[in-house]
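Visitor: Kindly generate the corresponding structure for this input.
(3 chains, ligands or ions: 3)
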Amino acid sequence: MYAQMVDTGVKKIKTLEEMTQEEQAFQKKIDDEIKIEPKDWMPEKYRQTLIRQISQHAHSEVVGMLPEGNWVTRAPTLKRKLQLMAKIQDEAGHGLYLYSACETLGVSRDDLVEDLHSGKAKYSSIFNYPTLNWADMGAVGWLVDGAAIVNQVVLQRTSYGPYSRSMIRICKEESFHQRQGYEILLTMMREGNDAQKQMVQDAIDRLWWPSLMMFGPRDDDSPNSQQSLAWKIKRQSNDELRQRFIDQTIPQLEVLGCTVPDPDLKWNEETGHYDFGEIQWQEFYQVLKGNGPCNRDRIRTRKKAIDDGAWVREAALAHAEKHRDSNAA
Amino acid sequence: MKHWPLYEVFIRSKHGLSHKHVGSVHATDAKMAIDNARDLYTRRSEGVSIWVIPSSEITASIPGDKEALFDPAEDKVYRHPSFYKLPAEVDQM
Amino acid sequence: MTINMDTQSNSQSEALYDYLLRLGDSPLILGQRLCEWCGHAPALEEEIAIMNIGLDLIGQCRNWLELAAKTADNGQDADKLAFTRDAHQYRNLLIVEQPNGNFADTMARQYFYDAWHLFTLEALCNSNNRDIAEIAAKAVKEVRYHLRRSREWIIRLGDGTELSQQRMQQAIDDIWMYTGEMFEMDDIEKTLVQEGCAADQQQIKQRWLDEVAETLATATINHPDPDAYMQQGGKQGVHTEGLGFILAEMQFLQRAYPNATW
Ligand SMILES: [Fe+2]
Ligand SMILES: [Fe+2]
Ligand SMILES: [Fe+2]
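Guide: Ligands and ions are numbered 1, 2, ... in the order given. The predicted structure follows:
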């Protein structure tokens, strides 16, 4: 998802007998659905896993501004421009909520951002794909935010209090993102000309598979998931969430009158779910590794923004320090 | 380079309610913290008043002290209105 | 006699139309410039703040252009006005089309405009044209906050580090020659001021100068020469080279797919 492959550093999950008393008490709280708060005792690996997951999530929100920012100066109407600006602004806000949650674990945002810029930290693979036409703004809202919402709704119940609370806040704001995306596509399909309809189909063709990749590797190939589920950092497996996303998206696709580029996609009466074809996992791992179409660009852009802004941040700090005493708001 | 300090943000969402912790922001001073909090936490007019306080100025109770601090209140039921049984006619109080 | 009356009221409504374009085009172009910052701001907090201000400005532009379209009653709407006029038909101030430059350049441009914008809107709240007064009353609250923020940045960067002071001074000096146009009233504005529906820039100018002098002093920035030569022409449709490129980008879809619904 926004956090696709989060290493827990755990080889094998401890049984209750293998746990220390502290660990047992901790696991009991988790099992009883009691939220873990910043000052509570927690296993170091739980803390580390949270830092990795929440920061990946935060980085994704921030890098995710770029493919949409790519079209904000070219939005076709004032209304669309306003909607897109409001959405991008929300995403920056989501980044801040999440960094703020992460900082309760004793790490600083600047250090997290440095890890992003050095390539040490990851962000969602989806944002390494380019946005090539205006319909991509619709497809991103509908598919990418849609996939994110499937994951985030579940994460509202994640075991770490600050993370859970930021998820609740984010989910409230996300609902408009997916709807505005879908509406962009629907308008183009229903009221648009042929060229616009082609744009929509083209956007879906390009973004469909990368959206499914957002949920991460298959459960069989996801060695860290078990521990994350036991700690209730994750609440549902990658495959479960991916299936839910597909099941709820295909009817919406049909309303649009579009198709997805998957010849194997069909409704399975027996399972009550859609069957779908094999994801190109090699592409997924390559994009994660840094070889997607936009990886270099995205990081270069973010790094440049923060580096170029250093003198501004420094000056603001210098000013505040000079006027420490007179600076009540 | 030194980092911008962290401020905790409290928002009063409606008149008559108390301020509630909503998260944190980075800012160089209290004034900027208010502006940043306004932009971040009240984009959908969620607030009528904002408090900010440097995170470093907050003293939190230690979880280990939880029993000493909070358990005694548990048997002081007289602090809760439902402790007082009133006749049905006035029980809406 | 009758014919004369008609021409007069015709030219009056043309003047009003032109004035509304002036009010709407400046926030549009400045909002568009602010959009260019998206993903590139010096801090995430600023990312949100800049987008906030941009949102306010484009929202205001939409109100003004809708009113302009209604006034002209020529089959236009706000989108047509925004996306199908060429540069010479744009009536924005030159200052708002100046490039973003570095953060000091952007804030200097913002601050000078915000101060003028706020005082102008305050005056327009008393316009005898009720539509104008209504739009201004809504915008004035937003712009008060814009000014608070940009003023603060002038002071922070001016009275910050040596480097930031130098950059802020340069930014102020560079943009200064585009400030004079804001207070230059041509016949269109003079007529409308007489009618009581436009803002009298003669009265705003002093307030603006006072505001700027105080802020620059606090920011330890040298005041540029008040008698410096000033550029003008934006309000009459004679722009700098930058506007053509702004429009080429902004209007791309409407130009490539004319009359499409989005
Ligand atoms: Fe997102
Ligand atoms: Fe988001
Ligand atoms: Fe979103």
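Visitor: use CA for all of it now, contacts and neighbours both
Guide: Fine.
Visitor: so which strand or helix has B:H21?
Guide: Assigned by DSSP states H and E, B:H21 belongs to strand B:20-26.
Visitor: Verify the stated contact: C:G59 with A:K81.
Guide: No: with contact defined as Cα atoms under 8 Å, C:G59 does not count as touching A:K81 (9.7 Å).
Visitor: Model confidence score at the closest residue to chain B within the stretch 151-262 of chain C, please.
Guide: With Cα to the nearest Cα, the shortest gap between the stretch 151-262 of chain C and chain B falls at C:E152, namely 8.7 Å. C:E152 is assigned 97 on the pLDDT scale.
Visitor: The helix or strand it falls within - contacts with which helices or strands?
Guide: For C:E152, the host element (DSSP H and E) is helix C:130-158. If you count contacts as 3 or more Cα pairs under 8 Å, 6 or more residues apart in numbering or on different chains; DSSP states H and E, helix C:130-158 packs onto helix A:310-322, helix C:44-72, helix C:103-124, helix C:162-175, helix C:201-218.
Visitor: Kindly reformat those as TSV containing mean neighbour count.
Guide: Output for the helices and strands packed on helix C:130-158, formatted as TSV (neighbours: other Cα atoms under 10 Å in any protein chain shown):
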stretch	mean neighbour count
helix A:310-322	21
helix C:44-72	22
helix C:103-124	24
helix C:162-175	19
helix C:201-218	16
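Visitor: how about these, which one is nearest ligand 3?
Guide: When the helices and strands packed on helix C:130-158 are compared by Cα to the ion, helix C:44-72 sits nearest ligand 3, at 14.5 Å.
Visitor: Run the chain-centre distance for that closest one.
Guide: Relative to its chain's centre, helix C:44-72 lies at 11 Å (Cα atoms, centre = their mean, to the nearest Å).
Visitor: same deal with stretch A:300-313?
Guide: From the chain centre to the centre of stretch A:300-313 is a distance of 23 Å (Cα atoms, centre = their mean).
Visitor: Please identify the buried residues of that stretch?
Guide: A:T301, A:R302, A:K303, A:K304, A:A305, A:I306, A:D308, A:G309, A:W311, A:V312, A:R313 (16 or more other Cα atoms under 10 Å in any protein chain shown).
Visitor: correct me, but the second one touches C:A41?
Guide: The one in question is A:R302. No: when contacts are counted by Cα under 8 Å, A:R302 is not listed as touching C:A41 (9.3 Å).
Visitor: if you skip the residues just before and after it, what's nearest to residue 52?
Guide: Answering for chain A, as no chain was given. Excluding the flanking residues, the one nearest A:R52 by Cα to Cα, 6 or more residues apart in numbering or on different chains is A:V6, at 6.4 Å.
Visitor: actually it's chain B I care about, not the one you picked
Guide: B:V52 sits nearest to B:V9 (Cα to Cα, 6+ apart), 4.7 Å away.
Visitor: Next up, phi/psi of that neighbour, please.
Guide: Phi and psi for B:V9, reported as degrees, to the nearest 10, are phi -120, psi 130.
Visitor: what do you get for A:G9?
Guide: Torsion angles at A:G9 (phi, psi; degrees, to the nearest 10) stand at phi 70, psi 10.
Visitor: before we move on, what about the one 10 residues further on?
Guide: Dihedral angles phi and psi of A:M19 (degrees, to the nearest 10) take the values phi -80, psi 150.
Visitor: how close does it sit to chain B?
Guide: Computed with Cα to the nearest Cα, to the nearest Å, the distance linking A:M19 and chain B is 20 Å.
Visitor: okay, the angle between the worst-scoring helix or strand of chain C on mean pLDDT and helix C:44-72?
Guide: Lowest by mean pLDDT, DSSP states H and E among the helices and strands of chain C is helix C:2-35, with a mean of 85. Orientation check (axes from the mean of the first three to the mean of the last three Cα atoms, to 10 degrees): helix C:2-35 against helix C:44-72 gives 160 degrees.
Visitor: Show residues contacting the strand holding B:H21.
Guide: By Cα atoms under 8 Å, 6 or more residues apart in numbering or on different chains, the list of residues contacting strand B:20-26 from outside reads A:96-97, A:100-101, B:4-12, B:33, B:36-37, B:41, C:45.
Visitor: got it, and stretch C:108-117?
Guide: With contact meaning Cα under 8 Å, 6+ apart, stretch C:108-117 is reached by C:95-96, C:98, C:143, C:146-147, C:150-151, C:154, C:168, C:171-172, C:175, C:179, C:182, C:204, C:208, C:211-212.
Visitor: so A:Y2 sits right up against A:L212, yeah?
Guide: No: the pair A:Y2 / A:L212 is not scored as a contact, 11.7 Å apart, by Cα under 8 Å.
Visitor: Comparing those two, which residue is more hemmed in?
Guide: Of the pair A:Y2 and A:L212, A:Y2 is the one with more neighbours under other Cα atoms under 10 Å in any protein chain shown, namely 28 against 22.
Visitor: What score does that one have for pLDDT?
Guide: At A:Y2, the model reports a pLDDT of 74.
Visitor: Can you classify it by secondary structure?
Guide: Classification of A:Y2 using DSSP: H, G, I helix; E, B strand; the rest coil returns coil.
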